[in-house]
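Visitor: this one's structure only:
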């Protein structure tokens, strides 16, 4: 799964790396311990005056389907299994219409030991300063707010996960789906609406090369934050 990650880059760095034109909303500050239900930056193609523009949007982490009765379901939908997004009612619409990229510098996973302990690992790329998690997003209308209220539509997102196949499998059996930079356009393509084509794209993604680093258990608490969280454990 993916339940915590790092995003401390400036907004200008995100716009440049993901080739986005502008920002919609107020970007959250730098964080070395991004957690579910917090506001996060996502990249998506948005329709404006008849044309699509790539933009940086601010979404709440935890997808709330448009048909949900309330927003509480979002805390249970922070991840979506890539193997089933085209069938699951919570994700199948977004999978063909509202795909996004969630920028991250790296993420945390907890490795279970034989004695029941959980060792936090920070996983990152030694070559790429930024990773692009495959994501989905949705707009949820708050039934308690009037239709003309600018706060009525809640933007939420989820991170896709897949089975960990490489040497990182000893850390955790699930990992986020990572889109290579040269395939951002494919994943975000608004014309890609056929289920079979979306599945083929997911199946064709290469496995990322990431490095695990054991870090301090201070990352276990969302109250802790700062660059020291990604430093090697002493």
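Guide: Received it, and whenever you're ready, just let me know what you need. From a predicted model like this one, the values you see are computed outputs, not experimental measurements.
Visitor: where does this structure have low pLDDT?
Guide: 1, 166-170, 172 (pLDDT under 70).
Visitor: so which bits of the lengthiest helix in it are buried?
Guide: In the chain, with assignment by DSSP state H, the single longest helix is helix 195-204. Using 16 or more other CB atoms under 10 Å as the test for burial, helix 195-204 gives 198, 201-202. Every C-beta, even on glycine, is put in place using the N, C-alpha and C of the backbone.
Visitor: what's the helix or strand where residue 184 lies packed up against?
Guide: For residue 184, the host element (DSSP states H and E) is helix 184-188. Contacts defined by 3 or more CB pairs under 8 Å, 6 or more residues apart in numbering; DSSP states H and E place helix 184-188 against strand 39-48, strand 99-104.
Visitor: could you list the residues in contact with it?
Guide: For helix 184-188, the surrounding residues in contact (CB atoms under 8 Å, 6 or more residues apart in numbering) are 18-19, 43-45, 54, 99-101, 132, 134, 179, 192, 201.
Visitor: centre of the chain to that helix, how far?
Guide: How far helix 184-188 lies from its chain's middle: 15 Å, per CA atoms, centre = their mean, to the nearest Å.
Visitor: how far away is residue 103 from residue 8?
Guide: 11 Å (CB to CB, to the nearest Å).
Visitor: looking at these two, which is more packed in?
Guide: Taking neighbours as other CB atoms under 10 Å, residue 103 and residue 8 compare with residue 103 leading, 23 against 15.
Visitor: can you verify my assumption that that one contacts residue 134?
Guide: No: checked against CB atoms under 8 Å, the pair residue 103 and residue 134 is beyond contact range at 11.8 Å.
Visitor: what sits against the nearest residue to residue 131 once chain neighbours are set aside?
Guide: Of all residues not flanking residue 131 in the chain, residue 104 sits nearest, at 5.0 Å (CB to CB, 6 or more residues apart in numbering). Contact analysis of residue 104 by CB under 8 Å, 6+ apart lists 5-7, 34, 130-133, 176.
Visitor: equivalent analysis for residue 114, please.
Guide: Applying CB under 8 Å, 6+ apart, no residues qualify as near residue 114.
Visitor: same deal with residue 227?
Guide: 8, 32.
Visitor: distance of the closest residue to residue 74 other than its chain neighbours relative to residue 24?
Guide: Leaving aside its sequence neighbours, residue 74 sits nearest to residue 62 (CB to CB, 6+ apart; 3.3 Å). Computed as CB to CB, the residue 62 to residue 24 distance reads 19 Å.
Visitor: over to residue 158?
Guide: For residue 158, the distance to residue 24 equals 19 Å [CB to CB].
Visitor: those two: who's more crowded?
Guide: Each of residue 158 and residue 24 has its neighbours counted (other CB under 10 Å); residue 158 has more, 29 against 13.
Visitor: mind listing what's buried in the helix or strand encompassing that one?
Guide: Assigned by DSSP H and E, residue 158 falls within strand 153-163. Buried residues in strand 153-163, defined by neighbour count with 16+ other CB under 10 Å: 154-162.
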